[in-house]
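coordinates for the following, if possible.
(chains A, B, C, D, E and F)
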Number of protein chains: 4
Amino acid sequence: MNQAQRGRPRDTRIDERVLRAAATLLLRHGYAGLSIEEVAERAGVAKTTLYRRWPTKDHLAVAVVAHLQDEDDITDTGDIRRDLSDYTEKIATALNRLRSAGRPAGQDNRSAGVVAELVAAGARHDDIGRMGRHNYARRNALAVALIERARERGQLRADLDPLVLLDQLAGALYYRVLITGAPVDRHYAEQLVATALDGAANRKEAPRP
Amino acid sequence: MNQAQRGRPRDTRIDERVLRAAATLLLRHGYAGLSIEEVAERAGVAKTTLYRRWPTKDHLAVAVVAHLQDEDDITDTGDIRRDLSDYTEKIATALNRLRSAGRPAGQDNRSAGVVAELVAAGARHDDIGRMGRHNYARRNALAVALIERARERGQLRADLDPLVLLDQLAGALYYRVLITGAPVDRHYAEQLVATALDGAANRKEAPRP
Amino acid sequence: MNQAQRGRPRDTRIDERVLRAAATLLLRHGYAGLSIEEVAERAGVAKTTLYRRWPTKDHLAVAVVAHLQDEDDITDTGDIRRDLSDYTEKIATALNRLRSAGRPAGQDNRSAGVVAELVAAGARHDDIGRMGRHNYARRNALAVALIERARERGQLRADLDPLVLLDQLAGALYYRVLITGAPVDRHYAEQLVATALDGAANRKEAPRP
Amino acid sequence: MNQAQRGRPRDTRIDERVLRAAATLLLRHGYAGLSIEEVAERAGVAKTTLYRRWPTKDHLAVAVVAHLQDEDDITDTGDIRRDLSDYTEKIATALNRLRSAGRPAGQDNRSAGVVAELVAAGARHDDIGRMGRHNYARRNALAVALIERARERGQLRADLDPLVLLDQLAGALYYRVLITGAPVDRHYAEQLVATALDGAANRKEAPRP
DNA sequence: GAGTAAGCGAGACGGTACGTCGCGTCTTCGT
DNA sequence: ACGAAGACGCGACGTACCGTCTCGCTTACTC
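Alright, predicted model coming up:
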């Protein structure tokens, strides 16, 4: 059965207030600008209360970002080219949100760092890392299913490894956001999908004789 | 001509000693385990001397990694498939070095974090970010030239955007290392290149009707 | 009524431990030998805790000395000559304690410096200066009262300014300790009082005709 | 004979420039505001050059103040009351110069600290201490001679210890400047001398029965 | 409705590094 | 030698945040 409740129950409104305050700080001042001390003050909450829910600043930050990103689900229209473009664009949108949210204007490097710090957080704490990988696996599983169905319809090569294709799409986005700083948008998503599906090799001539 | 020398010249052996000490710490204990205080002590150097050369722990860390990675140049054998595989593998090797160096065994998450922290460092300090992007641009320029030559030889599509192809190759590697934690090796590099060149679409039938 | 207690109360034993450790260092190695870092270590206390109570090394040093000097009160026997000698001697004793405490032997210059550094501390920080002057004013007020009573008994001149007399007594002591390095003891105190009371002028002849 | 000169002779104009720069800093920002680094820069002189002349910041500071104070000599008019008042006032003037020089307005505590820091400097370095005491002894010797002559003229008690009288005069001044912060001026000097010469005791009645 | 177990606000505490400051020494070149 | 320039070692400073703790008070559920 349910564990009988003992003692005063947690005030659920607090989570909301804290996450909002933390999100503000995180997006405005980057990861370093997110200090537990200030979050507590802004949320009108004691530090103790914070630590009771998120054992670490890293955990809090992850929760903030998870809270920001609404679940994007995958649509299957039968047109794999379009479905993959949609999927890719959704990832791009989420990344862009983290990248530029709350920024005055121009290229916002700071928040690009937020993504990196989250990755680092995953490396610092096993549980965060596991959770992150689990989430990615879950998301990927849906995309893999999409690809499988297209393959069964004969739209994709029979020997294609779906994960490799996904690596190429999502990877390119992360690479741009994290490393080169180049922009990612709908157009880039489509270009990516086109290149990935049609191949870079020239098929007019014998690609491999 | 040469600027006349003013004052006592910097002791060049110090850079060497410091970078070595820092590299040891960074690879052994991850980014958090890299403390200026201890680097100074191990290198037998005053903390002020460190700060005179690297204004920040982030700057030092970047310098360390730059120092670790020997310049990988690109070879052009005429076989684009092989050249790209080599190039991709070189990146993978560099990433793996950061990932697992000094780790006892098994999957080493900690050092995956090093890459992430370096990215974050680039986001925290404009100068580091600029320098990083500049370096990537330089490396990419060589690869772009390689691709252009192959295209002129008729091996690649005329309408191919070389940068997109490179994003797909390098991006997939970074994605695996940073996000999913999957392994990257020679085999993966080849698989990546094959998928990218030949395309995911099934060409036996009409790819786009 | 009493302010309701908020938060964890300060651990009062810490003050004791810190002041003891600081006193040891101060008396043994002089002002320069008093380092917050080492006090913290010896007292088994975090540096932050120290700074929470004494915002500055100067503040700590003042607190240490204040803690060393037990309140010397003034006795009124009716014999002003004796009372002033006692008072003067008490000051001398306190100064000597600072001067020679913990010194191996011989003329101890170092600790003469402690007095000077405390004065300098009062000049560096307004709050310390104010507090110091306040304390001296309080002590002087008692002595002034003593003098007033003696004057009412007809033992002192009617037109005497008590503060001037006190300046002459205490000042001579500080002057010796700080400037000339000459010794101050009971005998000197009595000599001082005698000279001050009886005057330097020769009264056998008309001092001012 | 004189040691034959070897090498380039010292540039004598440098002392002047340095002392002026140092005096500015010392009077404007107090002892802590006197930094060798900045003195060197302002004087347009290398730090090395500074250290070749004054082995320590303390030594420099002492030199600065010594340079500021022009030698006050003692005048003997035959009127001991007036001579002592003059002497006392001269000391007061010198102290006031250190106390208020360069201050915007109001009571300037900072520079009161300069005096204290000089005393502390004397405690930190034996040679400074010795030199300081020597100077005071020299000055006092002149005053003692003055007093002796007055005593021989029958103006002062035969059993008077001249040094005690001087302690009372000079001490009171230093005490006010350093400790209580009270003002010292011509009027106070006269009051001091009067009290010291005539005595605090009431001579109308039997002072000591 | 008295007990009691937990939540909560507040703030002290230990700890770890950080980056800074100033001193006094040294090394190099040029005068 | 002296002088300018500036690197270097050293020692401490005061700060910032983290995450833990100890108070007193509040809010439920339970008996």
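
now do the domain split for chain A, please.
Chain A resolves into domains spanning A:12-67, A:71-198 when parsed by automatic domain parsing.

select, out of these, the one closest to B:V177.
domain A:71-198 (9.5 Å; C-beta to C-beta). All C-beta atoms are positioned from the backbone trio N, CA, C, and that covers glycine.

just how off-centre is the closest one within its chain?
Offset of domain A:71-198 from its chain centre (C-alpha atoms, centre = their mean, to the nearest Å): 8 Å.

is any part of that domain close to DNA strand E?
No. For domain A:71-198, no contact with DNA strand E is found by C-beta under 7 Å from any atom of the strand; the gap never falls below 13.7 Å.

circling back to that earlier point, and the domains of chain A as CSV, adding mean neighbour count?
Below are these laid out as CSV (neighbours: other C-beta atoms under 10 Å in any protein chain shown):
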stretch, mean neighbour count
domain A:12-67, 17
domain A:71-198, 19
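
which of those has the lowest mean pLDDT?
Lowest mean pLDDT within the domains of chain A: domain A:71-198, at a mean of 90.

now do that one: distance from first to last residue.
30 Å (C-alpha to C-alpha, to the nearest Å).

related to what we said a few turns ago, which of the domains of chain A sits closest to chain B?
domain A:71-198 (2.5 Å; C-beta to the nearest C-beta).

list the helices and strands the host helix or strand of A:L95 packs on?
Here A:L95, judged by DSSP states H and E, is contained in helix A:80-100. Where contact means 3 or more C-beta pairs under 8 Å, 6 or more residues apart in numbering or on different chains; DSSP states H and E, helix A:80-100 is packed against helix A:57-68, helix A:109-124, helix A:126-152, helix A:162-174, helix A:186-198.

closest one to C:L142 among these?
Across the helices and strands packed on helix A:80-100, closest to C:L142 is helix A:57-68 (C-beta to C-beta), at 56.0 Å.

dump the closest one to CSV, restricted to CA.
Extracted in CSV, the C-alpha atoms of helix A:57-68 (Å, rounded to 0.1, in the frame of the first residue of the first chain):
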residue,chain,number,x,y,z
LYS,A,57,23.0,22.7,-7.6
ASP,A,58,23.6,20.4,-10.6
HIS,A,59,20.4,18.5,-9.9
LEU,A,60,18.5,21.7,-9.6
ALA,A,61,19.8,23.0,-12.9
VAL,A,62,18.9,19.8,-14.6
ALA,A,63,15.4,20.0,-13.2
VAL,A,64,15.1,23.5,-14.3
VAL,A,65,15.9,22.7,-17.9
ALA,A,66,13.8,19.6,-17.9
HIS,A,67,10.9,21.7,-16.6
LEU,A,68,11.5,24.2,-19.5
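
quick check: angle from it to helix A:109-124?
Note on geometry: by axes from the mean of the first three to the mean of the last three C-alpha atoms, to 10 degrees, helix A:57-68 and helix A:109-124 are set 120 degrees apart in direction.

does helix A:57-68 reach DNA strand F?
Yes. Helix A:57-68 comes into contact with DNA strand F (C-beta under 7 Å from any atom of the strand), by way of A:57-58.

quick one: that helix near DNA strand E?
No. Shown here: helix A:57-68 not in contact with DNA strand E (C-beta under 7 Å from any atom of the strand), separated by at least 11.8 Å.

does anything pack onto that helix? Which helices or strands?
By 3+ C-beta pairs under 8 Å, 6+ apart, helix A:57-68 packs against helix A:12-29, helix A:36-43, helix A:80-100, helix A:109-124, helix A:126-152.

related to what we said a few turns ago, taking helix A:12-29 as reference, get the angle to the helix holding A:L95.
80 degrees.

what's helix A:80-100 in contact with?
Residues from elsewhere that reach helix A:80-100 (C-beta atoms under 8 Å, 6 or more residues apart in numbering or on different chains): A:65, A:68-69, A:72, A:74-77, A:108, A:111-112, A:114-115, A:143, A:146-147, A:150, A:153, A:155-156, A:169-170, A:173-174, A:177, A:184-186, A:188-190, A:192-194, A:196-197, B:208.

now do 6 Å
With contacts defined as C-beta atoms under 6 Å, 6 or more residues apart in numbering or on different chains, helix A:80-100 is touched by A:69, A:72, A:74, A:76-77, A:108, A:111-112, A:114-115, A:143, A:146, A:150, A:155, A:169-170, A:173, A:177, A:184, A:186, A:189-190, A:193.

coming back round to it: nearest to A:L50, out of the helices and strands packed on helix A:80-100?
Per C-beta to C-beta, nearest to A:L50 of these: helix A:57-68, 7.1 Å.

now do the closest one: distance to the chain's middle.
The answer for helix A:57-68 is 12 Å, by C-alpha atoms, centre = their mean.
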